[in-house]
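**Student:** Structure, please.
(one chain, ligands or ions: 1)
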Amino acid sequence: MGSVNCAGRNPVTVLREAIAGGVTMFQFREKGAGSLTGQAAYELARELQAVCREAGVPFIVNDDVDMAAVLGADGIHVGQEDAPAASLRSRLGHEAIVGVSAHSVEEAGRAIADGADYLGVGPMYPTLSKSDARPVQGPLLIQELRSHGITIPLVGIGGITPEKAPPVLAAGADGVSVISAISQAEEPGLAAAAFTALYGRAT
Ligand code: 3NM
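**Tutor:** This next block holds a predicted model:
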């Protein structure tokens, strides 16, 4: 999540509320039209990192390994075209969490061989939050990854709402990664709680 995802509200408030609702990991993703750059992006990142620290929630930076290193982030999330996970981890420290987006069995296999800790798998459903999203894959892709013997944590991403999350979890995902269904909800805390309430039941 980043500043452009928050329906004009302060991202710090949105994140605080989301964490109060049960969000267990946060990824700073400052992307898209009107997003902050340079110093302003760093300032927001630091504020959001402080909220995460206070709550004991891991703070992950999307794509920008320099930012992750400068901030001492808990981890980084990258795409297929970025540096291999193991080299990112050696830059950030061996405890760093490295997540990689995967859109097929082949991409997943490569990311795991390269040292990914978890995979973001999507898009599960149509999304408005990523302009260059791949074609929708649906929860079936998660099932396919599991049937190929992939055991590392998988999180579904893309267009996931509390109503659409159960098939993703039932397909074998360990969790869901969500932007708009929480960040643009009238009450991000309640929206996050609607997701966390699913876990006991669907996994
Ligand atoms: N990655 P929302 S879909 C950041 O398929 C991102 O890899 C995707 O936002 C992928 O929850 C996506 O608002 C956007 O749909 C997720």
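
**Student:** How about the contacts made by the residue of the chain found nearest the ligand?
**Tutor:** Closest approach between the chain and the ligand, counting by Cβ to the nearest ligand atom: G122, at 2.8 Å. (Each C-beta comes from the backbone N, C-alpha and C, glycine too.) Residues in contact with G122 (Cβ atoms under 8 Å, 6 or more residues apart in numbering) are S101, H103, A133, R134, Q137, G156, I157, G158, S177.

**Student:** Which pair in those residues has the greatest spatial separation?
**Tutor:** R134 and S177 (14.9 Å; Cβ to Cβ).

**Student:** So for these two, which sits in the more crowded spot?
**Tutor:** The neighbour comparison of R134 against S177 (other Cβ atoms under 10 Å) goes to S177, with 22 against 12.

**Student:** before we move on, back to that, show only the entries of the contacts of G122 found in strands.
**Tutor:** Using DSSP state E, S101, G156, I157, S177 are the members of the contacts of G122 that sit in strands.

**Student:** check the residues you listed against the ligand, which are close?
**Tutor:** Applying Cβ under 6 Å from any ligand atom to these, one finds that S101, I157 fall near the ligand.

**Student:** Redo the ones in strands among the contacts of G122 as CSV? Include pLDDT.
**Tutor:** Shown next, in CSV, are the ones in strands among the contacts of G122 (pLDDT from 0 to 100):
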residue, pLDDT
S101, 97
G156, 98
I157, 98
S177, 98
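
**Student:** neighbour-wise, which of the ones in strands among the contacts of G122 leads?
**Tutor:** Neighbour counts for the ones in strands among the contacts of G122, by other Cβ under 10 Å, peak at G156, which reaches 31 neighbours.

**Student:** How about that residue, nearest residue that isn't a chain neighbour?
**Tutor:** Sequence neighbours aside, V168 is the residue nearest to G156 in space, at 3.8 Å (criterion: Cβ to Cβ, 6 or more residues apart in numbering).

**Student:** helix or strand for that neighbour, which one?
**Tutor:** helix 165-170 (DSSP states H and E).
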